[in-house]
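Visitor: Need a 3D model of the sequence below.
(chains A and B)
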Amino acid sequence: GENVEQHPSTLSVQEGDSAVIKCTYSDSASNYFPWYKQELGKGPQLIIDIRSNVGEKKDQRIAVTLNKTAKHFSLHITETQPEDSAVYFCAASTLYNFNKFYFGSGTKLNVKP
Amino acid sequence: DTGVSQDPRHKITKRGQNVTFRCDPISEHNRLYWYRQTLGQGPEFLTYFQNEAQLEKSRLLSDRFSAERPKGSFSTLEIQRTEQGDSAMYLCASSSGTVNEKLFFGSGTQLSVL
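Guide: Okay, the predicted model is just below:
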């Protein structure tokens, strides 16, 4: 099955700086890559996603890039704010088994005011 | 659209007891998923339903676990003879069922087995 690895496991940045979280995947058939934000005591919330026919997608301060050849994708958060502090998860699913999502182990982002 | 609702939010039980969790998906979503999340890890797939049919189960779902979605709306996840290793957050999610459709999660049920 698919294996998704995520790093770093923790990331601390100063408010206003940028944060980058990286994920790699193993199955070349993976074609959908969502990112989730999870706050303490809550379920994961979808914040952005990208499909394999697109190399980059941006939504205000967050962006995701995908390199299919290298099998990695990244989340970029610019102008970080304290409310961005949370655990972020990347995930992948494949066209032949699109109901099953494989998640990374998470990155705890701390934005210091 | 009130989102995915899970009940209870927290459950503390003694080892050997049975527990049941409920999930109400987004009303127009025909796919419903159960995931399990342990501390410091990402969610792990357990099972999913297309309407009332349970179409796939992970090997993580031992025979002590059973999930139902009797009328294609809400779902229940039951764990029989709970073990301490069952302690985790149980997450429910739903989607509208098209390829690569967005997955929406509930807030989860935190299970603690003493």
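Visitor: Stretch B:51-59 and chain A, any residue contact?
Guide: Yes - on the criterion Cβ under 8 Å from any Cβ of the partner chain, stretch B:51-59 is in touch with chain A at B:55-56. In this view, the C-beta of every residue, glycine as well, is placed from N, C-alpha and C.
Visitor: helix, strand or coil for the spatially closest residue to A:Asn67 that is not a sequence neighbour?
Guide: Nearest residue to A:Asn67, sequence neighbours excluded (Cβ to Cβ, 6 or more residues apart in numbering or on different chains): A:Phe73, at 7.0 Å. Following DSSP: H, G, I helix; E, B strand; the rest coil, A:Phe73 is assigned to strand.
Visitor: May I ask you to confirm that A:Phe73 is in contact with A:Ala91?
Guide: No - in this structure, A:Phe73 is not within contact of A:Ala91 by Cβ atoms under 8 Å, at 10.1 Å.
Visitor: Would you pull up the residue in chain B closest to chain A?
Guide: Residue nearest to chain A within chain B (Cβ to the nearest Cβ): B:Gly42, separated by 3.0 Å.
Visitor: Can you name the residues that contact that residue?
Guide: A:4, A:6, A:89, A:91, A:103-106 (Cβ atoms under 8 Å, 6 or more residues apart in numbering or on different chains).
Visitor: Between A:Phe73 and A:Ala91, which contacts overlap?
Guide: What both A:Phe73 and A:Ala91 touch, as defined by Cβ under 8 Å, 6+ apart, is the set A:Phe33.
Visitor: mind listing the strands for the chain?
Guide: Chain wasn't specified; assuming chain A. A:4-7, A:10-14, A:19-25, A:30-38, A:45-51, A:56-59, A:62-67, A:72-77, A:86-94, A:102-103, A:107-112 (DSSP state E).
Visitor: that's the wrong chain, I meant chain B
Guide: B:5-7, B:10-13, B:19-24, B:31-37, B:44-50, B:53-57, B:65-68, B:75-79, B:88-95, B:104-105, B:109-113.
Visitor: Quick one: the ones you listed as CSV, columns for mean neighbour count and mean pLDDT too.
Guide: Shown next, in CSV, are the strands of chain B (neighbours: other Cβ atoms under 10 Å in any protein chain shown; pLDDT from 0 to 100):
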stretch, mean neighbour count, mean pLDDT
strand B:5-7, 17, 97
strand B:10-13, 14, 97
strand B:19-24, 18, 97
strand B:31-37, 24, 95
strand B:44-50, 20, 93
strand B:53-57, 13, 89
strand B:65-68, 18, 95
strand B:75-79, 20, 97
strand B:88-95, 24, 95
strand B:104-105, 22, 93
strand B:109-113, 18, 97
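Visitor: Need those strands in TSV (columns: distance to A:Asn67).
Guide: As requested, the strands of chain B are exported to TSV (distance: least, Cβ to Cβ, whole Å):
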stretch	distance to A:Asn67
strand B:5-7	36
strand B:10-13	41
strand B:19-24	36
strand B:31-37	27
strand B:44-50	25
strand B:53-57	30
strand B:65-68	37
strand B:75-79	37
strand B:88-95	26
strand B:104-105	27
strand B:109-113	37
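Visitor: For A:Pro44, which of the ones you listed is the nearest?
Guide: Counting by Cβ to Cβ, A:Pro44 lies closest to strand B:104-105 out of the strands of chain B; the figure is 4.9 Å.
Visitor: Spell out whether that closest one and chain A are in contact.
Guide: Yes - counting by Cβ under 8 Å from any Cβ, contacts between strand B:104-105 and chain A involve B:104-105.
Visitor: partners of that strand in the sheet?
Guide: strand B:88-95 (antiparallel) (DSSP bridges).
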